[in-house]
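J.: No letters, just coordinates:
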Ligand SMILES: Nc1ncnc2c1ncn2[C@@H]1O[C@H](COP(=O)(O)OP(=O)(O)OP(=O)(O)O)[C@@H](O)[C@H]1O
Ligand SMILES: Cc1cn([C@H]2C[C@H](O)[C@@H](COP(=O)(O)O)O2)c(=O)[nH]c1=O
């Protein structure tokens, strides 16, 4: 019996708590007998990981950032995400295209029109229906005030090129995510990330249950790939 692949992305400003919770979501799906692919953007393939290293370290203008992000995304979709979805796997991706709209669009102030053109070029021609725009089935948005995220990160690690940006940059990025969520309310689920870990996890579980992907949902995944 084949299963339908699921594509879930996790979004939010730096330090919002995505990475801390993705492995719990992976365990929840594995407990249902699902194969889970954990991946990330920028990155996810050898080529895209090289582009990630450039994006996070080298100075460049916003268009160059956007082009590198989308180039890596195309490779990631073709090499990793689409084959996993075709197998019926659950793909859990730490960031996807909403990050480009939030960081390069809202954060850097780059025009969203060309980003939307790139989104369509990069994310079509990969799914079984070549006209279909490949998007996550669900985007979990960790919403956290930038001040709280900065405080959390100050104890966590050395900042990269994005994490070193001022609070005002992250206020714009957060607004960018809010705008993306408002534009796709069925795809987005907002998590109040300004809660202790256990409460954040409870919210995540509630999102999975609401989508029919909670504990005991294995039978519901059976179907055409
Ligand atoms: N609910 C929470 N309460 C307090 N601290 C938290 C919570 N969740 C995560 N943290 C801590 O906040 C820091 C950032 O968390 P994490 O790395 O998961 O964020 P992230 O969204 O993946 O960030 P980035 O996108 O920059 O990688 C870590 O030190 C983590 O231990
Ligand atoms: C996909 C994507 C990411 N970014 C930024 C956002 C983060 O600051 C870094 C990735 O670091 P993380 O610790 O793995 O979250 O890259 C971006 O600016 N544009 C994008 O499209």
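T.: Yep, it's here. Predicted, not measured: the structure shown is a model, and the values here were computed from it. Numbering: from 1, shown residues only. Ligands and ions are numbered 1, 2, ... in the order given.
J.: what's the spacing between residue 171 and residue 154?
T.: Using CB to CB, to the nearest Å, we find residue 171 at a distance of 17 Å from residue 154. C-betas here are computed from N, CA, C, even on glycine.
J.: more crowded one of these two?
T.: A direct count of neighbours by other CB atoms under 10 Å for residue 171 and residue 154 places residue 171 higher, at 16 against 10.
J.: excluding its backbone neighbours, what's nearest that one?
T.: Distance criterion CB to CB, 6 or more residues apart in numbering; nearest residue to residue 171, sequence neighbours excluded, is residue 146 at 5.5 Å.
J.: Residue 163 now?
T.: Closest to residue 163 by CB to CB, 6+ apart is residue 14, at 4.9 Å.
J.: swap in residue 66?
T.: Of all residues beyond its chain neighbours, the one nearest residue 66 is residue 104 (4.4 Å), with distances taken as CB to CB, 6+ apart.
J.: In this structure, what residue spans correspond to helices?
T.: 18-30, 46-57, 62-76, 82-87, 97-99, 112-123, 146-154, 167-183, 197-210 (DSSP state H).
J.: In the third one, which residues are buried?
T.: Right, helix 62-76. With burial defined by 16 or more other CB atoms under 10 Å, the residues of helix 62-76 counted as buried are 62, 65-76.
J.: Likewise for the last one?
T.: Buried residues in helix 197-210, counting neighbours by 16+ other CB under 10 Å, are found at 200, 201, 203, 204, 205, 207, 208.
J.: which of the residues you listed come close to ligand 1?
T.: Contacts with ligand 1 within these, counted by CB under 6 Å from any ligand atom: residue 200.
J.: which of the buried residues of helix 197-210 lies closest to ligand 1?
T.: Among the buried residues of helix 197-210, residue 200 lies closest to ligand 1 (CB to the nearest ligand atom), at 5.0 Å.
J.: Enumerate every residue touching the closest one.
T.: 17, 21, 142, 191, 192, 193 (CB atoms under 8 Å, 6 or more residues apart in numbering).
J.: Would you mind listing the residues in contact with the most centrally placed residue in the chain?
T.: Note on the chain: the residue nearest the mean C-alpha position is residue 95, at 2.4 Å, using CA atoms, centre = their mean. Residues near residue 95 by CB under 8 Å, 6+ apart: 9, 10, 11, 18, 40, 41, 42.
J.: Same question for residue 192.
T.: So residue 192 contacts 143, 200, 203 (CB under 8 Å, 6+ apart).
J.: Make CSV out of those residues and add distance to residue 114 and pLDDT.
T.: Output for those, formatted as CSV (distance: CB to CB, whole Å; pLDDT from 0 to 100):
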residue, distance to residue 114, pLDDT
143, 27, 98
200, 35, 98
203, 34, 98
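J.: Relative to residue 123, which of those residues is nearest.
T.: Relative to residue 123, the closest of the contacts of residue 192 is residue 143; by CB to CB it sits at 24.2 Å.
J.: Number of residues surrounding the closest one?
T.: Neighbour count of residue 143, defined by other CB under 10 Å: 17.
J.: what does the protein put close to ligand 2?
T.: Selection of the chain residues close to ligand 2 by CB under 6 Å from any ligand atom yields 14, 40, 41, 42, 69, 94, 95, 99, 100, 103, 104, 162.
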